[in-house]
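**Q** Mind folding the following:
(one chain, ligands or ions: 1)
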Amino acid sequence: MKGNYEEAINYPAINRMIKEAIATEKTINEAVEIKINVHQKYFDAAVVPVLSKTRKKLEGIVIVLHDITQLKTLEQMRKDFVANVSHELKTPITSIKGFSETLLDGAKNDPDSLDMFLNIILKEANRIQVLVSELLELSKIERTSHLQLSPVNMADKVANCIEVVQQLALKKHIDIKLNMEPDVYILAEPSKLKQVIINLLSNAINYSFENNSIEVTVRQSEGASILEIKDYGIGISEEEQVRIFERFYRVDKARSRDSGGTGLGLAIVKHIVEVFNGEIEVESQPGEGSTFRVKFKSL
Ligand code: ADP
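**A** Numbering: from 1, shown residues only. Just a heads-up that it's a prediction; the model follows:
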């Protein structure tokens, strides 16, 4: 079937390259953005004129398209990540700088201001420390495809972790109720599993109201060991539920910051759970609460 190439190729960017290749009789290389159906795709495109042996006559055109969409997406993720990290660091650094300058400008002579500003500086420095250590943790886990796994009793591990978050819960008068089968074991790296449980428990406490309760369930079901952490707190809307495991994603930035959150906790949790060959899911209703469920293969 013969016809005008412009009828067959409905992409202006490629047609422009073809025109240029015909006019110049030279190979044209460009990165082009093309919408295919609803998908935005990126290609490394080469339009190569095929000339007859005598180099006098153009016999045809070869178009080579190399799909670089995935590469582009990764590049964008990297850029977003750098932008997010810089943004997260900027706020505490600005605050430390501002308060130190104010102290040096004379506020240091007033004991009340001195104490208050130093405390703010310490709090902001702690924020940076938590952020940097969580970033390092995330990058360490991302580079790890294999951990030394050993059988861990879930109920024991949960009891261990509750000791760590007990103070936080007491401050908000939150009662942690346990419903745990004693003989549920999974293959895990104990300190990383601890991190998962503490993260989920801390979130449940942080995003609960005062005097709420939290329920922790450990059970066995159809070959899976299941850990459920249920709270009756602020909840998460359906659109947000798919995003909360992304690095730095926070539904309410101010609230998360106030409670010392970095938006990295659930990203770390998800990575660790995946290294343990497990899955994590969330069920939630805004205003009613959330249940985070982690499923591992039973031993
Ligand atoms: P953060 O350090 O902000 O807590 P996370 O990665 O642990 O970061 O969680 C990401 C976001 O998911 C939180 O900022 C919060 O908006 C939401 N979230 C996590 N756990 C809960 C929960 N139990 N109830 C309501 N919202 C939650």
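
**Q** Now do the phi/psi pair for the nearest residue to S213 once chain neighbours are set aside.
**A** Closest residue in space to S213, ignoring its immediate chain neighbours: D175 at 4.4 Å, by Cβ to Cβ, 6 or more residues apart in numbering. C-beta coordinates here come from the backbone N, C-alpha and C atoms, glycine included. For D175, the backbone dihedrals (degrees, to the nearest 10) come out as phi -100, psi 130.

**Q** hang on, isn't D175 packed against I214?
**A** Yes. The criterion here is Cβ atoms under 8 Å, and D175 meets it with I214 at 7.4 Å.

**Q** Could you pull out the residues contacting both of these two?
**A** Taking Cβ atoms under 8 Å, 6 or more residues apart in numbering as the criterion, D175 and I214 both touch A169.

**Q** Tell me the residue of the stretch 1-150 of the chain that sits nearest the ligand?
**A** E134 (8.4 Å; Cβ to the nearest ligand atom).

**Q** circling back to that earlier point, which one's more surrounded, D175 and I214?
**A** When neighbours are counted by other Cβ atoms under 10 Å, D175 and I214 differ, and I214 comes out ahead with 23 against 11.

**Q** out of all of them, which helix in this protein is the longest?
**A** helix 69-104 (DSSP state H).

**Q** tell me the contacts of the residue nearest to S213?
**A** A169, N212, S213, I214.

**Q** Which members of those residues are classed as buried?
**A** In terms of neighbour count (16 or more other Cβ atoms under 10 Å), the buried residues within the contacts of D175 are A169, N212, I214.

**Q** Mind checking the pLDDT average for the strand ranked longest in the chain?
**A** Longest strand in the chain, counting residues (DSSP state E): strand 39-51. Average pLDDT, strand 39-51: 92.

**Q** And for the next helix or strand along the chain from that strand, what's in contact with it?
**A** Next helix or strand after strand 39-51 toward the C-terminus (DSSP states H and E): strand 58-67. The set of residues external to strand 58-67 that reach it, using Cβ under 8 Å, 6+ apart, is 5, 9, 14, 18, 21-22, 25, 41-52.

**Q** Now, of those residues, which are buried?
**A** I14, I18, A21, Y42, F43, A45, A46, V47, P49.

**Q** what's the span of stretch 243-263, first residue to last?
**A** By Cα to Cα, to the nearest Å, the extent of stretch 243-263 from end to end equals 11 Å.

**Q** Say whether the ligand is contacted by that stretch.
**A** Yes. Contact of stretch 243-263 with the ligand (Cβ under 6 Å from any ligand atom) involves I244, Y249, R250, V251, D252, S256, G261, T262, G263.

**Q** and the stretch 101-250 of the chain, which of its residues are near the ligand?
**A** Counting by Cβ under 6 Å from any ligand atom, the stretch 101-250 of the chain sits next to the ligand at N203, A204, Y207, D231, G233, I234, G235, I236, I244, Y249, R250.

**Q** mind checking the SS state of the first one?
**A** Using DSSP: H, G, I helix; E, B strand; the rest coil, the secondary structure recorded for N203 is helix.

**Q** The nearest residue to E283 once chain neighbours are set aside in helix, strand or coil?
**A** Distances taken as Cβ to Cβ, 6+ apart place T291 nearest to E283, at 4.8 Å, with adjacent residues excluded. Here T291 is recorded as strand under three-state DSSP.

**Q** Might you report the residue contacts of T291?
**A** T291 sits in contact with E228, I229, K230, D231, V282, E283, S284, where contact means Cβ under 8 Å, 6+ apart.

**Q** Mind checking which of those residues are buried?
**A** For the contacts of T291, buried by 16+ other Cβ under 10 Å: E228, I229, K230, D231, V282, S284.

**Q** And the helices in the chain, which stretches?
**A** 5-8, 12-24, 69-104, 111-143, 154-171, 190-206, 238-241, 253-258, 265-275.

**Q** what sits up against the first one?
**A** Outside helix 5-8, the residues within contact range by Cβ under 8 Å, 6+ apart are N15, I18, I61.

**Q** Export these to a markdown table and append columns for distance to the ligand and pLDDT.
**A** Shown next, in a markdown table, are the contacts of helix 5-8 (distance: Cβ to the nearest ligand atom, whole Å; pLDDT from 0 to 100):
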| residue | distance to the ligand | pLDDT |
| --- | --- | --- |
| N15 | 46 | 91 |
| I18 | 48 | 93 |
| I61 | 51 | 92 |
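
**Q** So, low pLDDT: which residues of the stretch 151-299 of the chain?
**A** Applying pLDDT under 70 to the stretch 151-299 of the chain flags no residue at all.
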